[in-house]
Every structure is written in C-alpha cells, then in structure tokens.
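Peer 1: Requesting a structural model of the entry that follows:
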Amino acid sequence: MEFFNKVGKVALGSRLRLMTASFTDDASKIYELYGVDFNPKWFPVFYTIAEDREITITEIANEIGHSQPSVSKIIQEMIGAGILEEGLKTEDKRKNNVVLTKKGIEISEKIKQQLLDIDVAVEGLISEAKHNLWAAVEEWEFLLQQKSLFKRVSDQKKLRESKNVKIVEYDSKYKDAFKALNVEWISTYFEMEESDYKALDNPEDYIINKGGKILVALYENEPVGVCALIKSNVADYDFEMAKMAVSPKAQGKSIGWLLGKAIADKAKELGAKKIYLESNTILKPAINLYYKLGFEKVFGLETPYKRCNIQMELILS
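Peer 2: Purely as a prediction, here's the structure:
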C-alpha cells in the first residue's frame, strides 16, 4: 500500500484492479469451498441465464454491460464445460438462445446457499468499514455515466492550458500568421475564395482601417488562433465575426471559445447591438461553439461564400 499512498489518486485504476484480483482469487476459493467447479468470470452471464432460463446473447450483453464478443466467448466456455447449450437457433448468432443444461441447473441450485452466505459476509464487511463501498461504487458508476473520467481529465487539461492562452489585438507582426492559420483550415475543408484573399492579403485595409478588429490568441507567445470582427454591410448587423481559425496543434485548449468570447466583448465595447457569422454545417465543433457563445440560426442573408450553408446571429444587448 505504500506505493498507492505515494502515488495517490492517479493510481485509482491500478488499485481497483488489485482489489478485483483479490476478489477474483477469493471467489475461486469460495466455489471450491462449496464444491462447485465454476469459473468466477462466468457468474454474470450464468446468473442472467439462470434467472431468465432462455435469453439471447444480445440481451445478456445489454443486461450485464459486457460486449457481445465477451459474452459469446464466455458462453462458448460454459457450453464446453457442459453448463449451457444452445436453444433456438437463428442465422444471426447474436440472437441465438442459450439455456442451462441439467448440469447447469444443478449448479444453479447448489450455489443458492453460497450466494446467501456471501451476501451476509459482504454485509458484515460493510458494517465494519467506515465507508460503504457498495453504495460508493453505485454512486461513482452514475457519476461516470454522466461524465467519464477521460472527459473530466480532458476538461481539466483544457482549463489548465487555457490559462496560458493570451488574447491580444492585431499587430502587423501577426499578418503572416493571420493568413497562414486561415488558409490552413479553409484548405482542409474547402477551397479558398476571392473574398478570402481580400481579407487575408490585406487585413489592415480590408478590416482594421474600416473600423473592424482582429484578435490573436497566443500560446507560449506563439500565435495559434485568430478571429476578426469585420464592419458589416448587411442591414441590421454592426459586425460580422469571421476568419476564426485555430492551429490543429493548439486545439483542445478552449482557444476557439476564448477568441469568440473576446470578439463578442470587443463588439460590445464598440457599441454593437447585433453581430452575425457565416459557416458550414460540416464544421460541427465550430457550430457547437457558436451555439455555446449564444449565436442562433438566421436565414436569408446574402453571402459572398460558396461554402456558406448556415448563418447565425448574436444579440449583444
């Protein structure tokens, strides 16, 4: 246990595996104690079949939370041990029924008292412990269904790294990065268009000098994301949020969110009431980001872009 005390909670999986191995070892000894020739890993499948008598592989997998290949392998092992046999057969093996053999039924009856004794022993263990492990496992399973450990670690990584992201206003030294980042993402999904070149080749004349703004995201002092606020010619809108691009190597750091939020705040500072954007629905992460920022879908605005199939607006006040 010294290792786990030293490493801490990051070794949770390893510690649970060690406990599982201990339980599995004891389970084998318990079956032997009761004179039952049985592999502990078969129990969830065996118990489900014993309760239902006739059930498909797919139904078993769904009920116990195992994969179908795993259930199929266990069933074949139990068929080989003479505990199960195939019932109604179909062309789809996942829908084949399996039932207990005479030997399986005998084992089912034999372990009933064993299960009762185990239940009493576990209750005794729970009463001795300060924390109810059974209740805690149930709670953890629920919480992890809502948000997996991977997602929790990913979110923490994103939060930590986002603190090292700095949003700054455009400077001529970022001109090449503004173009390169946009060309990179546009070329990945679409073709560059005339309107792209107008904005990317001459950002000062096309955007800044007309009352717009460009923001740059720096990560470790390197420009890794950009977004522009372009003075709008569209009626009812003050600005267009456009030319948002984040380097693939810097994704997963909430840079898109930070840029979008900063652009919306900048538009408010400039007195804007409404801004809009144009995008394409194949860019699902981007569309989700826009909704998260508060944008809603609108229809019927003119666009210079062939790739545009969705337009969205954000009401700022």
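Peer 1: what about the stretch 1-150 of the chain, any weak spots by pLDDT?
Peer 2: Counting by pLDDT under 70, the stretch 1-150 of the chain contains low-confidence ranges at 52-53, 88-96.
Peer 1: ok, Leu143 to Met19 distance?
Peer 2: Leu143 sits 19 Å away from Met19, going by Cβ to Cβ, to the nearest Å. The C-beta positions use only the backbone N, C-alpha and C, and glycine is treated the same way.
Peer 1: correction: Thr56
Peer 2: Distance from Thr56 to Met19, by Cβ to Cβ: 32 Å.
Peer 1: Those two - which one has more neighbours?
Peer 2: Thr56 (21 against 11; other Cβ atoms under 10 Å).
Peer 1: Next, give phi and psi for the more buried one.
Peer 2: phi -80, psi 160 (degrees, to the nearest 10).
Peer 1: Just give me the longest helix of the chain.
Peer 2: helix 102-128 (DSSP state H).
Peer 1: I'd like the C-alpha coordinates of the helix or strand just after that one written as CSV, please.
Peer 2: Moving toward the C-terminus from helix 102-128, the next helix or strand (DSSP states H and E) is helix 133-146. Below are the C-alpha coordinates for helix 133-146, written out as CSV (Å, rounded to 0.1, in the frame of the first residue of the first chain):
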residue,chain,number,x,y,z
LEU,A,133,-18.0,0.6,-0.8
TRP,A,134,-21.1,-0.9,-2.4
ALA,A,135,-23.0,2.4,-2.2
ALA,A,136,-19.9,4.3,-3.3
VAL,A,137,-19.4,2.1,-6.4
GLU,A,138,-23.1,2.7,-7.4
GLU,A,139,-22.6,6.4,-7.0
TRP,A,140,-19.4,6.5,-8.9
GLU,A,141,-20.9,4.5,-11.7
PHE,A,142,-23.7,7.0,-12.0
LEU,A,143,-21.3,10.0,-12.0
LEU,A,144,-19.1,8.4,-14.6
GLN,A,145,-22.1,7.7,-16.8
GLN,A,146,-22.8,11.4,-16.7
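Peer 1: What is helix 133-146 packed up against?
Peer 2: Packing partners of helix 133-146 (3 or more Cβ pairs under 8 Å, 6 or more residues apart in numbering; DSSP states H and E): helix 102-128.
Peer 1: Check which helix or strand Asn5 maps to.
Peer 2: Using DSSP H and E, Asn5 falls in helix 2-7.
Peer 1: Give me the residues contacting that helix.
Peer 2: Ala11, Ser14, Arg15 (Cβ atoms under 8 Å, 6 or more residues apart in numbering).
Peer 1: Now do the helix or strand immediately after it in the chain: distance to the chain's middle.
Peer 2: With elements assigned by DSSP H and E, the helix or strand that comes after helix 2-7 is helix 12-33. On the basis of Cα atoms, centre = their mean, to the nearest Å, helix 12-33 sits 30 Å off its chain's mean C-alpha point.
Peer 1: Report all helices and strands that the very next helix or strand once past helix 12-33 contacts.
Peer 2: Sequence order places helix 43-52 as the next helix or strand after helix 12-33, per DSSP H and E. Counting contacts by 3+ Cβ pairs under 8 Å, 6+ apart, helix 43-52 packs against helix 57-64, helix 68-80, strand 97-100, helix 102-128.
Peer 1: and the angle from the last one to helix 133-146?
Peer 2: Yep, that's helix 102-128 we're talking about. 100 degrees (axes from the mean of the first three to the mean of the last three Cα atoms, to 10 degrees).
Peer 1: Packing partners of helix 102-128?
Peer 2: Where contact means 3+ Cβ pairs under 8 Å, 6+ apart, helix 102-128 is packed against helix 12-33, helix 43-52, helix 133-146.
Peer 1: Mind listing what's buried along the first one?
Peer 2: For helix 12-33, burial by neighbour count (16 or more other Cβ atoms under 10 Å) applies to Ala27, Ile30, Tyr31.
Peer 1: What residue spans form the domains of this structure?
Peer 2: 2-146, 157-315 (the TED database).
Peer 1: since we're on the closest residue in space to Glu169 that isn't next to it in sequence, how many residues are nearby?
Peer 2: Once flanking residues are discounted, Glu169 sits nearest to Leu215: 6.3 Å by Cβ to Cβ, 6 or more residues apart in numbering. Neighbour count for Leu215, taken as other Cβ under 10 Å: 22.
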